[in-house]
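Novice: sequence plus the predicted model coming up.
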Amino acid sequence: MDMAQRRSALHVLARLQPFFPEVGFSLDAAGNDCLSEVQFWAEDGAGLEAGLAYQDCFAIGMDDKIRAAHLIAFYSNQLALALGSLYLGAGIVAGVSGLRFEEFSRAYGERLIVAKRFHFSLTLPAVRDDTPVGADVFREAFGAHLAPVIARLKRRTGLSSGAQWRLAADSLAGGFLEIGRALGNEEDAMSKALAIVKREGTPLYSDKLCYETIEAGKGDYDLPLSRVYRLRGGCCLYYRTEGGRFCDSCVLLAPDERRERLQAHLLASQSG
């Protein structure tokens, strides 16, 4: 293993981990309780059922398809944050040697919230290649990791592969945008995300997924408040739960209504 590459990876992970406490990632080893991807997502294993059951924390009245939609979005976002941190921060496409589903706590205002997250044990390439890593390499690695998970969720819940891949693409694009903000380079992160999800003929291709800059009100120097949002190409089915509604960036919303909702979100985020 190239030691310079390892130092670079450790530096990036240390820099970005505080921005993303909702996901765990570490190099090489994350404890003896980590399982391989095959073991964790086995159809008769505890990982699949634990992940589905946890989604009931987010809504009342979920059926298996809704749980699956939320789980693949949840898992794909955390995978994108873990792998994307090294890709965007150090130009490294890492592998996943193990994972676990663990409890963690985080501050939420004055309260301490206990929740669950995935923890990924990441591995670096065995041989360093100084050739710049492109979107095709990351897309292949990300997709190869998700493909068996999506297949198992389809068999277990009936949620179609296409619906799951669209949610995975949304999660990747959203995760990359978050990483880009943390690194201070949203444009580069969005460009690299779109290079991955806009390649026709690949599982992660998403026609309607995009980014949009939303402006609202006035901020410093009397300029409009502005923020880039990821607009979804897939649907998490939250509107089908008890008391559920369309998400503010939902693909099923009319563009004008979606824009109005995001403007309201932007204003609310500045006031509180």
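Specialist: Received the coordinates, thanks.
Novice: any weak-confidence spans in the stretch 1-150 of the chain?
Specialist: 1, 29-31, 126-132 (pLDDT under 70).
Novice: where do the helices sit along it?
Specialist: 3-16, 37-40, 46-54, 64-90, 135-157 (DSSP state H, counting those that start in this stretch).
Novice: okay, the angle between whichever helix or strand comes after the last one and helix 3-16?
Specialist: Proceeding N to C from helix 135-157, the next assigned helix or strand is helix 161-183, under DSSP states H and E. Between the direction of helix 161-183 and that of helix 3-16, the angle (axes from the mean of the first three to the mean of the last three CA atoms, to 10 degrees) works out to 90 degrees.
Novice: what mean pLDDT does helix 161-183 get?
Specialist: For helix 161-183, the mean per-residue pLDDT is 98.
Novice: so His145 sits against Ala80, correct?
Specialist: No - contact criterion CB atoms under 8 Å: His145 and Ala80 do not qualify, at 10.6 Å. No exception for glycine: its C-beta is placed from N, CA and C like everyone else's.
Novice: before we move on, back to that, out of the helices of the stretch 1-150 of the chain, deepest packed?
Specialist: Sort those by mean neighbour count, taking mean count of other CB atoms under 10 Å, and helix 64-90 sits at the top with a mean of 24.
Novice: run the chain-centre distance for that one.
Specialist: 3 Å (CA atoms, centre = their mean, to the nearest Å).
Novice: for stretch 116-128, C-alpha coordinates in CSV please.
Specialist: What follows is stretch 116-128, C-alpha atoms only, in CSV (Å, rounded to 0.1, in the frame of the first residue of the first chain):
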residue,chain,number,x,y,z
LYS,A,116,-28.5,4.4,14.0
ARG,A,117,-26.0,4.6,11.2
PHE,A,118,-23.9,2.4,8.9
HIS,A,119,-20.2,2.2,9.6
PHE,A,120,-18.0,1.3,6.6
SER,A,121,-14.6,-0.2,6.9
LEU,A,122,-12.8,1.2,3.8
THR,A,123,-9.9,-0.2,1.9
LEU,A,124,-7.5,1.6,-0.4
PRO,A,125,-6.3,0.3,-3.8
ALA,A,126,-3.5,-2.2,-3.3
VAL,A,127,-1.4,-0.5,-6.0
ARG,A,128,-1.3,3.2,-6.4
